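Trainee: Fold the following.
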Amino acid sequence: MSRRGWALFALMSVLWGIPYLMIKVAVEGVSVPMVVFARTALGAAVLLPLAIRAGRMDVVRRHWRPLLAFTAVEILGPWALLSDAENRLTSSMTGLLIAAVPIIAVVLARLTGDAERLGVLRWAGLLVGLVGVGVLAGPHLGGGSGWAIGEVMLVAVGYAVAPMITTRRLRDLPSLQLAAFALAIAAVVYAGPAAATWPDEMPSGEVLAALVGLGLICTALAFIVFFELIREVGTSRGMVFTYVNPAVAVVAGVAFLSEPLTGTIIASFALILGGSVLATARAPRSSSPTSAAQQQPNPRPEEAPTA
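Mentor: Purely as a prediction, here's the structure:
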C-alpha cells in the first residue's frame, strides 16, 4: 500500500472511531433529535452540492425506494438509537458493541441466500465474536443499561443490513450521491423533532463543538476520505480500517472522558475483533478463472458501518 494509502487508512480509522466520543459529549447538552439533525444537516450541506455538481440525478430518481430503505437502516434509526444509548453507556462500550457488525452481516447473508459456504474457521469466528459480545454486555443487562445495549445491537443489525441493500439494489447509484441524498433525507426527517426539542439555553461550547465535529468531520469529511481510500487501495484493503475503529473508540473514551479500561473490556475487544476477522475471512482462491472471478471483492465502498 502506498504512503498516501496508509495516510488515508489511518485517517479513516480515527474519523469513524471518534464519533462515539462526540456523541457522548453532545447528548449531555441537547436532545437526541438535535444530535442527529445537526450531524445530518451539516454533512448534507457539504456533500449535497458536490453530488449535484457531479450529476447522475436520473439515477437517484430511479432508485428512490431503496435509497429510502438504506437511509432508514443506516442513518434514521441507528444514529438516533446510538445517541439515546450513550445516555447510559460509555462511548468505549458502544464502540466495542458496534464491532460485532461484521459477524451479524455474515449471519444475515446466510439467512438471505448467500451461497458462500462457511468453513470451520468462519464458524469459529462467529462463536468467538458472540462470546466477546456476551462478555462485554452480560454484566450490564439489568435496568437501563440492558435497554441501551439492545439499542446498540439494533444499530449493529441496521449497519449489517445497509450494505446488503447497496449491493443488491443500489449498485448503479454512485457513492457520493448515495451518501449526500441519504444525509439530506435524514436531515429533513429530523428537522421537526429537532425544532420541537430545541434547547431553552445555548448549549456549552463543548457540546456545540461535538455537534460540529460530528457533522463536518465524522460525516462529511469522513465520507470524502472514505471514497478516496477506496479509490487508492481498493475495497478489500480499505475495509480493514473497520477493525481499528473500536480500538480508537476505547482509547478516545479513556483519554478524554476518563472512562474505565477494565480487563473485561480488553478481553471482549480481543474476542470481538478476532471473531470479526475470522468470520469475514475469504475462502482460499481457486486456481480456476471462474472461481477467481467470483471471489473478486465488491468495488462498492458502502460496506463499512458508520457511527
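Trainee: What's the mean pLDDT across the longest helix along the chain?
Mentor: Once the chain is assigned using DSSP state H, the helix that runs over the most residues is helix 143-169. Averaged over helix 143-169, pLDDT sits at 87.
Trainee: list the helices and strands it packs on?
Mentor: Of the remaining helices and strands, those touching helix 143-169 by 3 or more C-beta pairs under 8 Å, 6 or more residues apart in numbering; DSSP states H and E are helix 64-71, helix 77-85, helix 91-98, helix 101-111. (C-beta placed from N, C-alpha, C; glycine too.)
Trainee: Neighbours of Arg62, how many?
Mentor: 12 (other C-beta atoms under 10 Å).
Trainee: any idea how far it is from Phe70?
Mentor: 14 Å (C-beta to C-beta, to the nearest Å).
Trainee: Then Gly205?
Mentor: For Gly205, the distance to Phe70 (C-beta to C-beta) stands at 34 Å.
Trainee: Contact partners for Ala194?
Mentor: The contact partners of Ala194, taken as C-beta atoms under 8 Å, 6 or more residues apart in numbering, are Ser31, Pro33, Met34, Val36, Phe37, Ala38.
Trainee: Out of those, which is nearest to Ala160?
Mentor: Val36 (20.0 Å; C-beta to C-beta).
Trainee: quick revisit: looking at Gly205 and Phe70, which is more packed in?
Mentor: More neighbours surround Phe70 than the other of Gly205 and Phe70, with 27 against 9 (other C-beta under 10 Å).
Trainee: how many other residues sit next to the residue nearest to the more buried one when sequence neighbours are not counted?
Mentor: Leaving out its chain neighbours, the residue that sits closest to Phe70 by C-beta to C-beta, 6 or more residues apart in numbering is Ile165, at 4.8 Å. When neighbours are defined as other C-beta under 10 Å, Ile165 has 18 of them.
Trainee: Can you pull out the low-pLDDT segments for this structure?
Mentor: Along the chain, segments meeting pLDDT under 70 span 1, 114-118, 139-144, 235-241, 280, 282-305.
Trainee: just checking, Leu15 touches Thr219?
Mentor: No: contact between Leu15 and Thr219 fails when scored by C-beta atoms under 8 Å: they sit 9.0 Å apart.
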